[in-house]
Each structure stands twice: as structure tokens, then as C-alpha cells.
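Novice: please find the sequence and the predicted model below.
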Amino acid sequence: QVQLVESGGGLVQAGDSLRVSCAASGRTFSQYALGWFRQAPGKEREFVAAISASGSRTYYAASVKGRFTISRDNSQNSMYLQMNSLKPEDTAVYYCAADLWSRLATTTAAKYDNWGQGTQVTVSS
């Protein structure tokens, strides 16, 4: 088990940038893949981005590709999501998740077995 804590959410205007962070504890951070998901009111949770254990491979949802960047710092047990050119449709609770049994990044929510509590990102028009 790992504990995941997100931070950095907030209220911004369309076109602004924001970076959310995920701090992990409990297991060797560099041994598992991580991902970001989001859930907007009335909608299902959706994949945003994923990163392999080493950080060498990343994947993005089509809706955020080119605007968002996922990264991790294994020396700091932290993962980040840099969000640029934010749009109102990016408004959601953002969750970080860990796939403790794989070093390979995955877009499938069911494969992630540890989740943070989420951080709210609100983009006003």
C-alpha cells in the first residue's frame, strides 16, 4: 500500500496554467507506474495521463495532449501534472493513482490499486 496526497488545485481563468502535485509514501517510489485521472460533476472518472516507473514513457488523453505534461521526481517521491492553456472543460477533481504491480504506464483505471483523495481544479471562462 502507498499513501497518495494531491495538492496544488485551485481556481484559474481559461488560458492560465496550473501545476498539481502528488506526494507518495509507503513503498519504493521508483518501482511503480503512476497516473492522473479526473472526474467532473455528473461524469465518470476519465484518464488524463500516465507515466512509467522510470519516467521514460508517458501517455496522454487526446483531450489534453499538447497542453498537459506529466512528470515525476523519484528522488522526491513526487509526481506532477503541469497544465497549460486550461479550458473550462478541464474543470474536475484530479486524482493521482498508483499501479503498484507494474512499472509500465497504463491508461486503464481498473489497474490502479491506490488512489489519492483528489484536488479540485476549476477553470472559469
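Specialist: Everything's here; your move.
Novice: residue 31 reaches residue 103, doesn't it?
Specialist: Yes. The criterion here is C-beta atoms under 8 Å, and residue 31 meets it with residue 103 at 6.7 Å. For every residue, glycine as well, the C-beta is placed using N, CA and C.
Novice: joint contacts of these two?
Specialist: Residues touching both residue 31 and residue 103 by C-beta atoms under 8 Å, 6 or more residues apart in numbering: residue 53.
Novice: go ahead and flag the most central residue of this protein.
Specialist: A centroid search over the chain (C-alpha atoms, centre = their mean) returns residue 36, at 2.3 Å, as the residue closest to the centre.
Novice: just to be sure, that residue is in a strand?
Specialist: Yes. The assignment for residue 36, made by DSSP: H, G, I helix; E, B strand; the rest coil, places it in a strand.
Novice: if you skip the residues just before and after it, what's nearest to it?
Specialist: In space, and not counting its chain neighbours, residue 36 is closest to residue 48: 4.2 Å by C-beta to C-beta, 6 or more residues apart in numbering.
Novice: residue 43 too?
Specialist: Per C-beta to C-beta, 6+ apart, closest to residue 43 is residue 92, 7.9 Å.
Novice: good, we can wrap up now.
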